[in-house]
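Peer 1: build me a model from this:
(chains A, B and C)
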Amino acid sequence: MNSSIIVFPGSNCDRDMQVALEKLQFKNTMVWHKDSVLPKSDLIVIPGGFSYGDYLRSGAIASKSNILKEVIKLANTGVPILGVCNGFQILIETGLLKGALLRNRSLKFISTDVFLKVENTENKFCSKLKKNQIIKLNIAHNEGNYFTDKEHLKEIENNGLVAFRYCDASGTVSEKTNINGSINSIAGIFNSNKNILGMMPHPERMINKEIHGDDGLSIFLSLIS
Amino acid sequence: MKITNEIVKNHGLTTLEFKEIKSLIGREPNLVELGIFSAMWNEHCSYKSSKVHLKKLPTKNEIVIQGPGENAGVIDIKDGDAIVFKIESHNHPSYIEPFQGAATGVGGILRDVFTMGARPIALLNSIHFGDVNHKKTKHLLNGVVSGIGGYGNCIGIPTVAGETKFNESYNENILVNAMAVGLAKKDKIFYSKAKGINKPVVYVGSKTGRDGIHGASMASAEFDENSEEKKPTVQVGDPFTEKLLLESCLELMKDKSIIAIQDMGAAGLTSSSVEMASKGGLGIELELNKVPIREQDMTPYEIMLSESQERMLIILEEGKEDYAKKIFEKWDLDFSIIGKTTATNRLVLKFDNETVADLPLSALSDKAPMYERKSKKIKLPKKFDYKDKIKKFEIKDLILKLISHPNFNNKNWITSQFDQLVMGDTILRSGSDAAIIKAHDTNKGIAVTVDSSAKFCAAFPLYGGKQIIAECWRNLIAVGAKPLAVTNCLNFGNPENPEIMGQFTDCLKGMKEACVFLNMPIVSGNVSFYNGTNQKNIDPTPVIGGVGLITNLDRKLIDHKLKKEGNIIIKIGKTFGHLYQSALFLEILNLKDGPPPEVNLTNEKNNGEMILKLVSGNLIESCHDISSGGTIMSLFEMAIGGNLGLKINKLKSTQNYIEYFFGEDQGRYLIEVSKANLSKVIEILKKDSIAYQEIATVIKENIELESFFEFKISELDNLNQKWFNDYNAN
Amino acid sequence: MIISLVVTLKKSVLDPQGKTIQSTLNNMGYKSLSNLRQGKYFTIELNETDKSKAENIVKEMCEKLLVNQIIEDYKIDSIK
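Peer 2: Numbers count the residues shown, from 1 in each chain, chains lettered A, B, ... in the order given. Sure thing, here's the model as predicted:
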């Protein structure tokens, strides 16, 4: 399987993502944002970080990059696109995913492990997981508070487009477990075609059982199968 | 402009120093030249009050590749790998503008590390604020923590360890010390020593503005309509540009284009150009019109003294200019050839086709003043009889008070604002005695820690200096790492005060003794003097950053969290019950006198090596060193961390409980041992004559000591977070 | 009464955001753009009728909270 990771000035989690993908035998290429051509890819990843320093709005400046025009073309043909953290913010700024990622409710940067409830497994990213399974991933962000209008919220809730929700270790989803104030505790969403996943938590940080945990591997394993 | 006495004074120079300058250069300096001297001869750049004493410190051994004198220290960790690290202070700017002061402190220390060719892999910080009730404390705490997080998170380097302390000693002068650790290849270290004549001197990074220029010369100049723009400006950090600078420099460093490189930190272009040229025994000529500027009409004085951030000065190989330019342009950074190296041993500055400064480099560097200031001998405080004073207290109440105290509260509120996992190599996060980062593409672990003991140093600096090195050693050992070397940030008051100088020299003496005995050289650091006000100096606060090595990460990870019910806790090291200068006495009972605990270096070494022996034999489940708060705090931290209980053994009838549990004798650890391994461990301890005692058993819930207390873990955990969370709630 | 307030970084203080946004716009084709600085805009509604009293209240708010006087300047844009 071939993967491409898009690298912007200020991307930080590109190498982390490469390590995770190569652990599962993906053949990965790092693609610079100024490139105008994408290599043949079975998966495109927009990694986490602070592209352009998060200046103006997180992901806003990166979304205007040359290379994203190609990513949008490919997205429309059904190629899986994964946006993690800043990558999720960039996907929203391009319009490939709808909604907005606002400042965390606490107004502080939050770096912590979180429990997530898997909401939907009928897609390329979560096929190796079970519905309602609890997984542990890590978040580190300032603007992860997902918000969208009533119409779109209805659409994603009713059509199985919510990927993960913040919960506690036993799977309870509540305001108390909603780490950043996201509407309906949403941590990740799909587009209507389910080939694009945007998520705030970092799966690439949980790939080692002995160290922090390996729940992140399941997402990459789903993509390979 | 005529140089008056007032102008000299406003530049931080004494009349004697000005006389010396005139004698060295054979004439009176002009204003630009005076500015340059004021920058190079100030305490921060010249180390004039400390150099003579710092020379006595142990800075070399078989693993040191580069000691003090370069941008950072470098040590060999085998297999062609090296660790580059340093700690530095940014105290005064952080008091004025806490967010930017702390942020630019992080930026500066990162540049010191990557300028040597190392990719930074960890950030640490030691921050000290005034009393929690002081009107400025909350604002400063918030600003500093946000600033550190804002910079470190954005540039994408994990902030994995640190310490935060509150004490009225820092009411008028907080301390913000930032440490960075980087990984490099041993044969690809870059230095700042210029080599070769007529080599291009290249400026890269952000444009130069008026950031940080002291208003010294403005004080006596006339104000006109442009004066508003000329007022001193606070430096603002741009972590995004620093990330670009980091990546572009590391890219250029892949081949041999760079002869020498240094970041522009304190005193910006002045210190970097002077230091690079003088180290190489060369001269340097700069054309200031070629310096990229972001403000209009900047004068040579301003250009040379600006402290704009995120800039580097490079001496490039001839013929590599276009190649280097392409790399920096890819990353959208300014690149300008601003001068060349010469054979004159002089600093020559040109502006608008005129020579605006022409100085011998030796006058600026090695002929800078070196003072051996008067120091007062400090007497060992006498012990006093406290038995009656502590009789009335219940251990249970003392524990609750200590665990709820700001200085003992869990610092989760702070550490959760720092990304700890970015770069994917963090093995052990903050909370244990040290953090561990995997050296990328190897199976080695780098343990990192930072710590200080200001109260011990204030009570008796000789013991304090020894203790803080020993504590650093223990913190690394406690996670199973072999301690390798340290960096130090020496935060002291006014060196013109003999008492402060006495604190400084005695701390260094103590530190030296411990470093030599434990074979842990000091490879980098900085000195920050003049912390305090006219009325009051801060407590002497040497902050020590340590680096250790775990040769193989496949073995079991050792942290401080209890692992399993039924396991036994053994205390390593003898307990005499030293309460003077303990957290209990100082923070809770307000008993301020007496000597700090003494360090027995032989025991320290033997006990530490024993811990490593037990770790390599896979005989320990968890480990915690005993430090502030004594045995009881360490026990509680292990229990809360592992969410398991403890049944603490009762003492012999002759032992005093308060002394035993709150005493801060040095050289001690707590280890958790499984029942299966217990007899083997005891056999090994006995064989090497290591003092030990079985003191508790791990149980499912509650921490109990029969007849004294029984606490629920959750109750303790809440108390241990409550103060900090409440303080920051509004 | 509605007071519009603009808060900007002091003229000589580095504006990393403004610098980056300007560079992006230049790259998007806006070649005639020579400088861009980013600031904050507040609309403050007060239950006051006296214009100068309102202005003083806002000035105090600026000094106590809204403006970091070490690195920022403020200007009252309009009072309606």
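Peer 1: A:Met199 against A:Ala187, yeah?
Peer 2: Yes: A:Met199 is within contact range of A:Ala187, at 6.1 Å (criterion: C-beta atoms under 8 Å). All C-beta atoms are positioned from the backbone trio N, CA, C, and that covers glycine.
Peer 1: so what sits against both of those two?
Peer 2: For the pair A:Met199 and A:Ala187, residues contacting each of them under the criterion C-beta atoms under 8 Å, 6 or more residues apart in numbering or on different chains are A:Ala163, A:Phe164.
Peer 1: what sits closest to B:Asp419 if chain neighbours are left out?
Peer 2: Residue nearest to B:Asp419 in three dimensions, not counting chain neighbours: A:Ala140, with 3.9 Å by C-beta to C-beta, 6 or more residues apart in numbering or on different chains.
Peer 1: tell me the pLDDT at the one you found?
Peer 2: Note for A:Ala140: predicted pLDDT of 98.
Peer 1: tell me which residues touch it, please.
Peer 2: With contacts taken as C-beta under 8 Å, 6+ apart, A:Ala140 has the following neighbours: A:Gly48, A:Cys85, A:Phe109, A:Ile110, A:Ser111, A:His202, B:Asn153, B:Asp419, B:Gln420, B:Leu421, B:Val422.
Peer 1: just B:Asp539 next, same as before
Peer 2: Taking C-beta under 8 Å, 6+ apart as the criterion, B:Asp539 is in contact with B:Asn167, B:Ser169, B:Ala454, B:Lys455, B:Cys457, B:Ala458.
Peer 1: same question for B:Gly283.
Peer 2: B:Ala277, B:Thr341, B:Thr342, B:Ala343, B:Thr344, B:Asn345, B:Arg346, B:Leu347, B:Val348, B:Leu361.
Peer 1: and it, its phi and psi?
Peer 2: The phi/psi pair for B:Gly283 (degrees, to the nearest 10) reads phi -110, psi 170.
Peer 1: likewise for B:Ile427?
Peer 2: Reported as degrees, to the nearest 10, the phi and psi values for B:Ile427 are phi -100, psi -40.
Peer 1: from memory it sits against B:Ile437, does it?
Peer 2: Yes: the pair B:Ile427 / B:Ile437 is scored as a contact, 6.6 Å apart, by C-beta under 8 Å.
Peer 1: list residues touching both of the two?
Peer 2: Residues touching both B:Ile427 and B:Ile437 by C-beta under 8 Å, 6+ apart: B:Gly445.
Peer 1: ok, B:Asn702 touching B:Ile713?
Peer 2: Yes: using C-beta under 8 Å, B:Asn702 and B:Ile713 qualify as a contacting pair, with a distance of 6.8 Å.
Peer 1: anything in contact with each of those two?
Peer 2: Common neighbours of B:Asn702 and B:Ile713 are listed as B:Gly645 (criterion: C-beta under 8 Å, 6+ apart).
Peer 1: sorry, back to before: is the residue nearest to B:Asp419 bridged to anything, and to what?
Peer 2: A:Ser111 (DSSP bridges).
Peer 1: that one and B:Thr415, how far apart?
Peer 2: Here the criterion is C-beta to C-beta, to the nearest Å. By it, A:Ala140 lies 12 Å from B:Thr415.
Peer 1: buried stuff in stretch B:273-281?
Peer 2: B:Ser273, B:Val274, B:Glu275, B:Met276, B:Ala277, B:Ser278, B:Lys279, B:Gly280 (16 or more other C-beta atoms under 10 Å in any protein chain shown).
Peer 1: so where does the first one fall, helix or strand?
Peer 2: It refers to B:Ser273. helix B:268-279 (DSSP states H and E).
Peer 1: okay, now the sheet partners of the helix or strand following that helix, with direction.
Peer 2: Elements were assigned by DSSP H and E; along the chain past helix B:268-279, the next helix or strand is strand B:283-287. Counting by DSSP bridges, the strands paired with strand B:283-287 are strand B:334-342 (antiparallel), strand B:346-351 (parallel).
Peer 1: what is the orientation angle of strand B:283-287 with helix B:268-279?
Peer 2: 150 degrees (axes from the mean of the first three to the mean of the last three C-alpha atoms, to 10 degrees).
Peer 1: now the helices for chain A?
Peer 2: With DSSP state H, the ranges of helices along chain A come out as A:14-23, A:66-75, A:86-94, A:150-158, A:217-224.
Peer 1: over to the stretch 551-700 of chain B?
Peer 2: Under the criterion DSSP state H, counting those that start in this stretch, helices of the stretch 551-700 of chain B are mapped to B:583, B:601-616, B:630-642, B:657-662, B:675-687.
Peer 1: nearest to B:Ile572, of these?
Peer 2: When these are ranked by proximity to B:Ile572, the top entry is helix B:601-616, at 5.3 Å, counting by C-beta to C-beta.
Peer 1: mind checking how far that closest one is from the chain centre?
Peer 2: When distances are taken as C-alpha atoms, centre = their mean, to the nearest Å, helix B:601-616 is centred 25 Å away from the chain's centroid.
Peer 1: what's it packed up against?
Peer 2: Helix B:601-616 makes packing contacts with helix B:461-477, helix B:498-518, strand B:568-572, strand B:669-673, helix B:675-687 when contacts are defined by 3 or more C-beta pairs under 8 Å, 6 or more residues apart in numbering or on different chains; DSSP states H and E.
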